[in-house]
Structure formats: structure tokens, C-alpha cells
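Trainee: got a sequence here, can you model it:
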Amino acid sequence: MIRVEDCYLKLGPKTVFYCKNFFAEPKSKIALWGPSGCGKSTLLNIISGLLRPDRGTVVVNGIDITKLSESQLDHFRGENIGFIFQTFNLLTPFTAIQNVIIGMRFSSTVPYSIWNKTAKSLLERVGLGNRLHNKPSQLSVGEQQRVAIARAVANRQKIIVADEPTGSLDPKTAGKVLDLLIELSNEHNVTLLLVTHDKTIADRLPILYDCSNLVREEDK
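Mentor: This is a model prediction of the structure:
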């Protein structure tokens, strides 16, 4: 469960982010939709603890993360949240399977003894069984994003946050990657929060949250 209430963050001299209320049930699939600069990524970063609001409540899996220290937040993210980014954020010196395994080091949810088996199985699931030992530079952009998806679900977290995960992909590849992301989130019973400015992508998810008015000029 995710609950955001009365959440305020000053972004600039005259600009603020404000979310009165946001709620996500466990296993829900939600598109955070709106134009560039409207605050959708800010909301995602507040929910995942990458940004701290100046005031407000952010409860994730029963914990108000605004009250956690930085080290506690790091641990909380590792145990509870998987990340997928538009730019993939893969480590270029390492192979696909190494990238997934390295991501598993930040959580204790999967025993060390099955890291390799789990990573291999997930990469096979996303169609990369024959690309396990290829580095990111040897993969297409669509394949790189599939590695990122495998990494995000590897630690068995119950929340996946995806910030414009199809933004770097052509429409055909974007559709296939989104299909895979939805399938995996359903298979693993996770809550999926997906940021997008593309209404056709947003409409693929059961719930659309309009972020258009989250960033505004501060009232004086």
C-alpha cells in the first residue's frame, strides 16, 4: 500500500510541488501521466524516497518513509522497491547477467546461493537467454531495457517504479517492452507505478493518475 497526503516540496523561488492525496492499493498498476514538468517524476521520486518533501506524509508498505534516516531509506529501497529508468542505468563493463546479479547485492530478499540461478531464469523469461554474457554495448536498446526490467524484479520487491521506461524506444519496441513489464508485474504480484507523458502508454494501465497540476506557482 502507498499513501501520500498533504505533500509539499519547494522546487524553486516561486515553484512548488503539492500533492493533496495519492493512494495505491497493493498489486495495482498505475500510470502517472502528464506533460513534461508537471511533477509526475517528482511524485515518483518522493514515493521511492529519492526526494524528501518539506512536509507531508508518505507511507509505503506501512512505513512513513519521511521519518527514516538516509541509511534507513537506502535499506528500505533495497528491500521494497525496484527501479526502471528511461536510460536503463546498466553498468557498461558488466554483462547482462552480471548487471542483474549486482542489483541483487542491494537486498537480502534473495539468498546468495541462488543469485546466479535467479538472474539466469529472469533473463530467459524476458527473452535474453542467449544474451546472458553480452555487455550493454552489444545489446539493442530494447534488450537493454529488458535487462533493466529483469534487474528490477530480481529482488522480489513488491513495488516497481518505472520513470518513462519506454521513452528511449521506438513505438513498436516500446509496446513490446510495456507488454513484458505488465506481464511480469502481474506474475510477481507487484504494485507498478509508471511515469509517462504518452497517453497511449498511460491508457494501457488499469488506473491513470493525472499529474498535470502537481507543480504550480506558490500562492502568496
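
Trainee: just the pLDDT for residue 219.
Mentor: The score at residue 219 is 66. That number is its pLDDT.

Trainee: residue nearest the centroid of the chain?
Mentor: residue 161 (1.8 Å; C-alpha atoms, centre = their mean).

Trainee: how about residue 140: what's its closest non-neighbour residue?
Mentor: Spatial nearest neighbour of residue 140, chain neighbours left out: residue 173 (8.0 Å); criterion: C-beta to C-beta, 6 or more residues apart in numbering. Placement of C-beta: from N, CA and C, glycine included.

Trainee: about what we covered before: would you mind measuring from the residue nearest to the centre of the chain to residue 120?
Mentor: Here the criterion is C-beta to C-beta, to the nearest Å. By it, residue 161 lies 25 Å from residue 120.

Trainee: packing partners of the lengthiest helix in the chain?
Mentor: The longest helix of the chain (DSSP state H) is helix 171-187. Applying 3 or more C-beta pairs under 8 Å, 6 or more residues apart in numbering; DSSP states H and E, we find helix 171-187 packed against strand 29-33, helix 141-153, strand 159-163, strand 191-196.

Trainee: a markdown table for those, including mean pLDDT and distance to residue 125?
Mentor: Converted to a markdown table, the helices and strands packed on helix 171-187 look like this (pLDDT from 0 to 100; distance: least, C-beta to C-beta, whole Å):
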| stretch | mean pLDDT | distance to residue 125 |
| --- | --- | --- |
| strand 29-33 | 97 | 19 |
| helix 141-153 | 93 | 7 |
| strand 159-163 | 95 | 15 |
| strand 191-196 | 96 | 16 |
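
Trainee: kindly reformat these as JSON lines containing distance to residue 15.
Mentor: What follows is the helices and strands packed on helix 171-187, written out as JSON lines (distance: least, C-beta to C-beta, whole Å):
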{"stretch": "strand 29-33", "distance to residue 15": "19"}
{"stretch": "helix 141-153", "distance to residue 15": "31"}
{"stretch": "strand 159-163", "distance to residue 15": "20"}
{"stretch": "strand 191-196", "distance to residue 15": "19"}
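
Trainee: about what we covered before: check contacts around the residue nearest to residue 140.
Mentor: Each residue near residue 173 by C-beta atoms under 8 Å, 6 or more residues apart in numbering is listed here: 140, 141, 142, 166.

Trainee: quick check: chain neighbours aside, which residue is closest to the third one?
Mentor: Spelled out, it's residue 142. residue 173 (4.1 Å).

Trainee: and the strands in the chain, which stretches?
Mentor: 2-10, 15-24, 29-33, 55-60, 63-64, 81-85, 159-163, 191-196, 207-210, 215-217 (DSSP state E).

Trainee: okay, those strands, which one's buried deepest?
Mentor: strand 191-196 (a mean of 26; mean count of other C-beta atoms under 10 Å).

Trainee: strands paired with it, and their directions?
Mentor: Using DSSP bridges, the strands paired with strand 191-196 are strand 29-33 (parallel), strand 159-163 (parallel).
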